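Participant: below: sequence and its predicted model.
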Amino acid sequence: MTSDLILRDFRPDDLEAVLALKKTLFPHLDIDTERRRWRWEFDENPARPPHLPPVWIFEKEGRVVGSYGLIPLAMSLCERDLFGICGTDFCMDPSMQGKGIGQAFIRRFLDPSLCEFPFFVVPTEVTLHLMMKYGAIVIDGNSERCLWVFYCNSPEDPPAPDPAIRIEELNDFDARFDSLFSRVRRRYGLMVTRDQRYLRWRYLRFPFCRPRIFAADRDDGELCGFAVLLPDVRENRSYVTELLHDPDDSSGARALLSRCSAAARESGVAELYIIHRALPVHKDLEASRFHPVPKHLIRFGCRLSLEGVSPDDWYLTTGDGDLLYSVVHPALQT
């Protein structure tokens, strides 16, 4: 790396230069849309600690030539709280290739002193190579059958849901969601903390479309699961970004999937997608007339140095980190 390259934290007056660099690399992006996305993803993120910048910058002679974004997230390991960061938007001026910018970003991102759980989703080939070089674990979503689709014009209907489960559409996330998460986290491994604070930021403040929130409960009124549906009219698709329920409650999962499928059909989209790693949920997806997508480019990974934790313990779904943004854009190959 040459001495005129400076690695530093983001400053507010860097924003337009960072967005311009990203636009250079991804010409289809709209700057105003990216500016709104920035405010939501970084400025409004409730998990951001004061010491963590939204982006790291590489500067050369006063010009921004590289950037790497850091999305902070509260994480849960069974009943333990920890801190995670999703790396995003690795951008480098093409004239700077071979100067060591990528290696410096990734080395810093995977440094154990940064956080307990750094992770990334759908990386570029360059980023993927560097992550593996510096010790990251990479998971191939194809081999896991993690991406599933429901074809809305299919003559197949999902089975009728269990009549003991009531599905209600909500406009907000209330205290019951905290209670559900407190129960669920005891059984699942490593996952994003899906409490009220996170869910309100992730979906109610999401600037690009309005979510539909479906809650499942039984006769006692206790929340036994929920799903979030996000539309993408431009791509003629919708996405189940959340499907969380009491473990081993297949009837709750299937009732929620049935309601999401019906809502997608009502909206007129052609396809409904979901990403989910949990194998029991795969059985519920099959029973609900979802089909695994046989070929896609979804890969994700992390530095996993938590004692007693394996990659199988990572509970990852469509709404996590920057995954949905990547699926909406070129990563999805059906």
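Facilitator: Noted; the coordinates are in hand.
Participant: low-scoring stretches of the stretch 201-334 of the chain, by residue?
Facilitator: 323-334 (pLDDT under 70).
Participant: residue ranges of the strands in it, please?
Facilitator: 212-217, 223-232, 237-245, 271-275, 291-292, 299-302 (DSSP state E, counting those that start in this stretch).
Participant: what is the fourth one packed up against?
Facilitator: Packing partners of strand 271-275 (3 or more CB pairs under 8 Å, 6 or more residues apart in numbering; DSSP states H and E): strand 147-151, strand 237-245, helix 250-267. Yep, even glycine has a C-beta here, placed from its N, CA and C like the rest.
Participant: how about a cut-off of 10 Å?
Facilitator: Judged by 3 or more CB pairs under 10 Å, 6 or more residues apart in numbering; DSSP states H and E, the packing partners of strand 271-275 are strand 147-151, strand 223-232, strand 237-245, helix 250-267, helix 323-326.
Participant: ok, the shortest one next?
Facilitator: If you count contacts as 3+ CB pairs under 10 Å, 6+ apart, strand 291-292 packs onto strand 147-151, helix 279-287.
Participant: what's in contact with the first one?
Facilitator: Read it as strand 147-151. Applying CB atoms under 10 Å, 6 or more residues apart in numbering, the contact partners of strand 147-151 are 141, 156, 158, 237-238, 240, 257, 260-261, 264-265, 270-276, 281-282, 285-286, 288-298, 318, 327, 331-334.
Participant: any of the residues you listed buried? List them.
Facilitator: Buried by 16 or more other CB atoms under 10 Å: 141, 158, 237-238, 240, 257, 260-261, 264-265, 271-276, 281-282, 285, 288-290, 293, 296-298, 318, 327, 331-332, out of the contacts of strand 147-151.
Participant: looking at the helices and strands packed on strand 291-292, which is nearest to Asp30?
Facilitator: Within the helices and strands packed on strand 291-292, the stretch nearest Asp30 is strand 147-151; the backing value is 26.1 Å (CB to CB).
Participant: give me the sheet partners of the closest one and which way each runs.
Facilitator: strand 271-275 (antiparallel), strand 291-292 (antiparallel) (DSSP bridges).
Participant: turn those into TSV, columns for distance to Leu110.
Facilitator: Formatted as TSV, those follow (distance: least, CB to CB, whole Å):
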stretch	distance to Leu110
strand 271-275	24
strand 291-292	31
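Participant: so how far is Gly84 from the closest residue to Val240 other than its chain neighbours?
Facilitator: Computed as CB to CB, 6 or more residues apart in numbering, the closest residue to Val240 that is not its neighbour in sequence is Ile274, at 4.0 Å. As for Ile274, its distance to Gly84 is 22 Å (criterion: CB to CB, to the nearest Å).
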